[in-house]
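> here is my input; please provide its structure:
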Amino acid sequence: MGLLLAASAAFADADIAQLRLERGDDGIYLSADVNFDLPQPVEEALVKGIAVYFVAEVELLRDRWYWSDKRVAASSRAFRLSFQPLTRRWRVQVSANGQVPSGPELTLGQNFESLREALTAIQRPSRWRIADGADFDPTSRHTLAFSFHLDMSKLPRPFQIGALGQSDWSIAVRRTQRVVLEQER
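I've put the predicted structure just below:
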């Protein structure tokens, strides 16, 4: 069973082409398509060996008339993009717990031949389990909040100071929308 989503809001430097929720037997899954071009200063930093970090966060809220909306589920993923100069390959590490992968934490790592391929893996998270199936009440109205951004706090301190206030280092998008159930066929 799939879920359709309505409404949107995005920042100027990135947009969300698709945001889809699916309800499976064991949970609610999110697939997204975030579009952005990597700015030249960010790409130059990557080629020099500086890893950059992206964070995707999602929150599912159930409407309540008597109080603020109830958080049904929340999840986040951290992506670490780096360039390996010796092998001339790009590496993406994904942490399922939302913490930046830096040590022996449980992460998924994959190598790519080109920057475009690596960015595609980051821009298109698919079948991301965000909630248990029992958490979603099909008789209630729900709202989904999705955000994606370049995490500047994980860059080395000189880059944080140098990039402060520069729009070239600003990659962020946020969408909040209603969740509407599709009719079963």
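
> which of the three states applies to Leu46?
Look at Leu46: counting by DSSP: H, G, I helix; E, B strand; the rest coil, its state is helix.

> name the nearest residue to it, ignoring sequence neighbours.
Phe83 (4.9 Å; CB to CB, 6 or more residues apart in numbering). Every C-beta, even on glycine, is put in place using the N, C-alpha and C of the backbone.

> quick check: that neighbour touching Gly49?
Yes. At 6.7 Å, Phe83 counts as touching Gly49 under the criterion of CB atoms under 8 Å.

> so those two - more neighbours on which side?
Phe83 (20 against 10; other CB atoms under 10 Å).

> before we move on, the earlier item: and the residue nearest to Leu46, what pLDDT?
You'll see Phe83 listed with a pLDDT of 95.

> is it bridged to anything, and to what?
Trp90 (DSSP bridges).

> for the helix or strand where Arg178 lies, what is the distance to the chain centroid?
Assigning secondary structure by DSSP states H and E places Arg178 in strand 172-181. Relative to its chain's centre, strand 172-181 lies at 13 Å (CA atoms, centre = their mean, to the nearest Å).

> sheet partners, orientation included, of that strand?
strand 2-6 (antiparallel), strand 142-150 (antiparallel).

> what's the mean pLDDT across the longest one?
Okay, so that is strand 142-150. 91.

> convert that strand to CSV, retaining C-alpha atoms only.
Extracted C-alpha coordinates of strand 142-150, given in CSV (Å, rounded to 0.1, in the frame of the first residue of the first chain):
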residue,chain,number,x,y,z
HIS,A,142,-0.8,12.7,9.6
THR,A,143,1.9,15.2,8.6
LEU,A,144,5.4,14.4,7.4
ALA,A,145,8.3,16.7,7.9
PHE,A,146,11.4,16.0,5.9
SER,A,147,14.7,17.9,5.9
PHE,A,148,18.0,17.5,4.2
HIS,A,149,21.1,19.7,4.7
LEU,A,150,24.9,19.9,4.5
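
> what sits up against it?
With contact meaning CB atoms under 8 Å, 6 or more residues apart in numbering, strand 142-150 is reached by 5, 14, 16, 19, 21, 30, 32, 34, 42, 52-63, 69, 72, 136, 169-179.
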